[in-house]
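[1] give me coordinates for this.
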Amino acid sequence: MLLLFILGGILIALFIVAWTLYNRIIQAKNIVSEGFSGIDVQLKRRFELIPNLIEAVKGYNAHEAKVLEEIVANRSMSLTDINAIAQSDQSITSTLKNFRIHVEDYPDLQANTQFLKLMDNLSEIESELSMARRYYNGTVRDYNTKIQIFPGVLVANMMKLKPAVFYQIEHSEERLTPNVDIHE
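    Down below sits the predicted model:
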């Protein structure tokens, strides 16, 4: 009788531990989804700002407006895979960086208050997007840790959970040491 009582207590304790681990893993998985949602919101804010930039630039440089219109065309495709979204984000970020460089050639455009306000909004969105990426990657790290360490790995395997994918934007040129000539 005592043995049944001890076994019953052990089974109840194991059930409580498994239940707690399951709830923590699900909570971490939901936080990862929330983190990605933050990235998605910032990407949409940036995407909605681009048509306004197109209108502001059209009167000054048709080529730059066309480049921005290509961004709109590229972003309009529906992306669901995090890696595809990151690649699209990288492409848009790179194009916007080149756009900012070319805008410096147009002093009249730089004096346009509407354009300056749009560029300030774009800078704010880019900053918030960077923070959203860092937050998302932190949640992915926490989730992956929970499903890969013992005893969480046992529950994760029973649930057939896979590690979440980090949000990575690959700028290989940023890994290179810049060539700086101080004699110029």
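[2] okay, strands next: where are they in this protein?
    For the chain, no strands are identified by DSSP state E.
[3] averaging pLDDT per element, find the lowest-scoring helix or strand in it.
    Lowest by mean pLDDT, DSSP states H and E among the helices and strands of the chain is helix 62-75, with a mean of 67.
[4] tell me how far the spatially closest residue to Gln42 that is not a sequence neighbour lies from Tyr136.
    For Gln42, ignoring the flanking residues on the chain, the nearest one in space by C-beta to C-beta, 6 or more residues apart in numbering is Leu129 at 4.0 Å. All C-beta spots, glycine's among them, are computed from the backbone N, C-alpha and C. Look at Leu129 and Tyr136: by C-beta to C-beta, to the nearest Å, they are 10 Å apart.
[5] so which of the two has more stuff around it?
    The neighbour count for Leu129 versus Tyr136, taken as other C-beta atoms under 10 Å, is higher for Tyr136 (24 against 19).
[6] that one against Phe36, yeah?
    Yes - under the criterion of C-beta atoms under 8 Å, Tyr136 makes contact with Phe36 at 5.5 Å.
[7] quickly note the distance from the residue nearest to Gln42 to Gln90.
    For Leu129, the distance to Gln90 - C-beta to C-beta - is 12 Å.
[8] centre of the chain to stretch 121-133, how far?
    In terms of C-alpha atoms, centre = their mean, to the nearest Å, the centre of stretch 121-133 is found 10 Å from the chain centre.
[9] kindly report the same for stretch 118-126.
    From the chain centre to the centre of stretch 118-126 is a distance of 17 Å (C-alpha atoms, centre = their mean).
[10] just checking, what's the longest helix in this protein?
    For the chain, the helix that runs over the most residues, judged by DSSP state H, is helix 2-58.
[11] show me what that one is packed against.
    Applying 3 or more C-beta pairs under 8 Å, 6 or more residues apart in numbering; DSSP states H and E, we find helix 2-58 packed against helix 62-75, helix 82-103, helix 113-148, helix 152-159.
[12] how many other residues sit next to Met119?
    The number of residues near Met119, taken as other C-beta under 10 Å, comes to 20.
[13] can you pull the contacts of it?
    Applying C-beta atoms under 8 Å, 6 or more residues apart in numbering to Met119 gives the contacts 53, 100, 103.
[14] and the gap between the first one and Arg100?
    In other words, Leu53. 10 Å.
[15] which one of those two has more residues nearby?
    Applying other C-beta under 10 Å to Leu53 and Arg100 shows that Leu53 carries more neighbours, namely 22 against 12.
[16] wait, the more buried one sits on Leu116?
    No - between Leu53 and Leu116 no contact is recorded; they are 11.4 Å apart, counting by C-beta under 8 Å.
[17] identify the contacts common to the two.
    Shared contacts of Leu53 and Leu116 (C-beta under 8 Å, 6+ apart): none.
[18] and the residue nearest the centre of this structure?
    For the chain, the residue nearest the mean C-alpha position is Arg133 (3.9 Å; C-alpha atoms, centre = their mean).
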